[in-house]
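K.L.:
got a predicted structure plus its sequence, pasted below:
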Amino acid sequence: MSALDDILQRLEPSLGARSGDVIPLQGGITNHNFRVTFGDRSYVVRRHGGDTELLGIDRESERLAGETAARLGIAPVVAAAFDDCLATAYVAGSPGSARWIAARVAEIARGLRAFHDSGLVLPSTFSVPQLLDGYEAIIRSRGGTPPPAYTEVAAIAARIAEALPPQPARPCHNDLLGGNIIRPRDGGRVMIVDWEYAGMGDPRFDLGNLSVNNDFDGATDERLLHAYYGERPDDARRAALKLMRALSDAREAAWGVLQSEISELAFDFDAYGREHFERLRTTATQPPFEEWLAAAGS
């Protein structure tokens, strides 16, 4: 029996008898995802990738975050969870394009604010400087050596973290790629999926992560901040968003380096890491970067 067959068999007692084909879903670069029918309903079954705990993923945090987000109406219902898999209700739709996500940015911002303010306390934390230190330690423990750029990434991340006034830790998604924001076919509410990097952290990271991963322009950033805070943003909040965009690239660059060391998936993680590092370096070497560092603490 294959690992997937074993997972599907274990899900049947709670979800119902399986029927029809198991349909692989594209887009994931950490896990394997499938659409499966149990009883009269369709689910997304995700088989977790190997060694994902090394990436900072906590499966209990993922489950709790997904359940809370579902109750808020911004995520699919969590139907079942095991150490090696997660099953959620299937939402008919597709990942939103950057243009569509920008058009729905106010709705997404309000959904994130509701999640951040939910009162949920997760067992894991999320801090980019700490992640970078942890990733480097894992790479070296396996006999690898991070590329020279890694030191530069960590230094930039540390400068950003030092410049930003501390915020109370809130539950955050921390992985707001376009592929994780679903456009329902029926035109209903935006759905946010893949809560596996959820942890207690700085809610401003979610805003910067959403912005940079979906190529928001300045006008869209303004609408994001206005909707999230409920008022026109000041220069400090604008600067914090810019810095969090850069911090997101620092995380993605380091993530690509670690994934190239540990992942079994057929994906060019080295190229992924280089792409984000180059964008981070471009941002950090332009004059506005120093202005953002100063303005964020004002």
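P.N.:
Arrived safely.
K.L.:
for the longest helix along the chain, buried residues please.
P.N.:
The longest helix of the chain (DSSP state H) is helix 235-262. Across helix 235-262, burial judged by 16 or more other CB atoms under 10 Å covers 237-262. C-betas here are computed from N, CA, C, even on glycine.
K.L.:
equivalent analysis for stretch 36-49, please.
P.N.:
Within stretch 36-49, the residues scored as buried using 16+ other CB under 10 Å are 36, 37, 38, 43, 44, 45, 46, 47, 48, 49.
K.L.:
need the contact partners of it.
P.N.:
3-4, 7-8, 11-12, 15-20, 22-23, 25, 28, 30-35, 59, 76, 79, 83-90, 193, 263-265 (CB atoms under 8 Å, 6 or more residues apart in numbering).
K.L.:
then stretch 242-252?
P.N.:
128, 131-132, 153-154, 156-157, 160-161, 163-164, 202, 204-205, 207-209, 211-213, 272-273, 276-277, 279-280, 283-284, 288-289, 292-293, 296.
K.L.:
apply 6 Å and report the result again.
P.N.:
128, 153, 156-157, 160, 204-205, 208-209, 211-212, 276, 279-280, 283, 292, 296 (CB atoms under 6 Å, 6 or more residues apart in numbering).
K.L.:
now list the buried members of those.
P.N.:
The neighbour-count criterion (16+ other CB under 10 Å) marks 128, 153, 156-157, 160, 204-205, 208-209, 211-212, 276, 279-280, 283, 292, 296 among those as buried.
K.L.:
pLDDT below threshold where in the chain?
P.N.:
1, 27-29, 50 (pLDDT under 70).
K.L.:
report the central residue of it.
P.N.:
residue 175 (0.9 Å; CA atoms, centre = their mean).
K.L.:
contacting residues around that residue?
P.N.:
residue 197.
K.L.:
mind listing the helices for this structure?
P.N.:
Under DSSP H, the chain gives helices at 3-15, 59-71, 98-103, 105-116, 128-141, 149-163, 203-213, 218-229, 235-262, 269-284, 287-296.
K.L.:
what angle do helix 105-116 and the second one make with each other?
P.N.:
On the basis of axes from the mean of the first three to the mean of the last three CA atoms, to 10 degrees, helix 59-71 is oriented at 120 degrees to helix 105-116.
K.L.:
which parts of helix 59-71 are buried?
P.N.:
59, 61, 62, 63, 64, 65, 66, 67, 68, 69, 70.
K.L.:
show me what it is packed up against.
P.N.:
For helix 59-71, the elements it packs on are strand 78-82, judged by 3 or more CB pairs under 6 Å, 6 or more residues apart in numbering; DSSP states H and E.
K.L.:
try 10 Å
P.N.:
strand 78-82, strand 85-89, helix 105-116, strand 170-172, strand 191-192, strand 199-201 (3 or more CB pairs under 10 Å, 6 or more residues apart in numbering; DSSP states H and E).
K.L.:
with just CA atoms, put it into CSV.
P.N.:
Provided in CSV are the C-alpha atoms of helix 59-71 (Å, rounded to 0.1, in the frame of the first residue of the first chain):
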residue,chain,number,x,y,z
ARG,A,59,1.2,21.1,12.3
GLU,A,60,-0.7,21.9,15.4
SER,A,61,-0.5,25.6,14.7
GLU,A,62,-1.6,25.0,11.1
ARG,A,63,-4.7,23.1,12.3
LEU,A,64,-5.7,25.7,14.9
ALA,A,65,-5.1,28.6,12.5
GLY,A,66,-7.1,26.9,9.7
GLU,A,67,-10.0,26.1,12.1
THR,A,68,-10.1,29.7,13.4
ALA,A,69,-9.9,31.1,9.9
ALA,A,70,-12.7,28.8,8.7
ARG,A,71,-14.9,30.0,11.6
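K.L.:
against residue 209, how distant is residue 183?
P.N.:
When distance is defined by CB to CB, to the nearest Å, residue 183 is 19 Å away from residue 209.
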